[in-house]
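Q: I'll drop the sequence and a predicted model, then ask my questions.
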Amino acid sequence: MVHVSFYRNYGKTFKKPRRPYEKERLDAELKLVGEYGLRCKRELWRVQYALSRIRNNARMLLTLDEKNPRRIFEGEALLRRMNRYGLLDESQNKLDYVLALTVENFLERRLQTLVFKSGMAKSIHHARVLIRQRHIRVGRQVVNIPSFMVRVDSQKHIDFSLTSPFGGGRPGRVKRKNQKVAAKKAAGGDGDEEDED
């Protein structure tokens with residue numbers, strides 16, 4: 001018998017701002033939402049929450065003694081993770097650099113941003129549409145999550161999906177229709193009237 005798990009993870013993923021109508025914050029958020037093609041403010045708050053948890057962790061580790069085994073073990077793991085996701089360089093191997101991270105550092109590593117920066121999409125919004133419509137793969141895996149955080153070693157494997165019309169797959173609906181019309185004409189359907197639009 002198939003076992004179905006009904007376990008749900010109820011952890012928080014974002015945190016609302018304390019003051020909802022702060023002009024400076026609203027303007028700054030709108031600028032980031034537009035620049036990185038986010039769907040709503042919640043996507044931005046999610047990144048801010050993730051960053052705040054990482055910074056809190058780094059701040060807690062910095063209070064421990066340098067020889068403390070917990071600081072050595074957890075600190076190295078945190079820095080390794082930051083390096084793997086391209087948030088810090090290999091040379092930046094101190095916890096102080098983690099405290100200097102910004103929301104923009106995280107938004108730059110999103111799949112949506114990298115697809116646009118690589119020139120595969122005409123705009124940041126076009127990049128989001130391509131990802132949602134399953135035209136983009138990372139390695140062999142088709143990824144349809146615009147907020148997917150891309151690792152440094154996966155970045156060079158971002159490409160069009162093999163089934164996508166952009167990646168040499170089956171042509172799209174309109175192109176197939178046009179090909180069918182062209183094939184009919186070539187087969188001697190020149191005497192027929194032109195199709196209405």
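A: That came through fine.
Q: tell me what the lengthiest helix in the chain is packed against?
A: Ranked by residue count under DSSP state H, the longest helix found in the chain is helix 41-63. Contacting helix 41-63 under the criterion 3 or more C-beta pairs under 8 Å, 6 or more residues apart in numbering; DSSP states H and E are the following elements: helix 23-35, helix 69-84, helix 95-99, helix 103-108. The C-beta positions use only the backbone N, C-alpha and C, and glycine is treated the same way.
Q: Any buried residues in that helix, and which?
A: Buried positions in helix 41-63, judged by neighbour count with 16 or more other C-beta atoms under 10 Å: 41, 43-48, 51, 54, 58, 61.
Q: export these to a markdown table and tack on distance to residue 178 and pLDDT?
A: Below are the buried residues of helix 41-63 laid out as a markdown table (distance: C-beta to C-beta, whole Å; pLDDT from 0 to 100):
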| residue | distance to residue 178 | pLDDT |
| --- | --- | --- |
| 41 | 42 | 96 |
| 43 | 37 | 96 |
| 44 | 41 | 96 |
| 45 | 45 | 97 |
| 46 | 42 | 96 |
| 47 | 42 | 96 |
| 48 | 47 | 97 |
| 51 | 48 | 96 |
| 54 | 51 | 96 |
| 58 | 56 | 95 |
| 61 | 61 | 95 |
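Q: Tell me the one among those residues nearest to residue 152.
A: Within the buried residues of helix 41-63, distances to residue 152 taken as C-beta to C-beta reach their minimum at residue 54, with 17.2 Å.
Q: wait, what's in contact with the closest residue to that closest one other than its chain neighbours?
A: By the measure of C-beta to C-beta, 6 or more residues apart in numbering, the closest residue to residue 54 outside its immediate chain neighbours is residue 98, 6.4 Å from it. Going by C-beta atoms under 8 Å, 6 or more residues apart in numbering, residue 98 touches 54-55, 58, 78-79, 82, 88.
Q: With distance to residue 137 added, can I get those in CSV?
A: Listed next are these as CSV, based on distance: C-beta to C-beta, whole Å:
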residue, distance to residue 137
54, 28
55, 33
58, 33
78, 29
79, 29
82, 25
88, 27
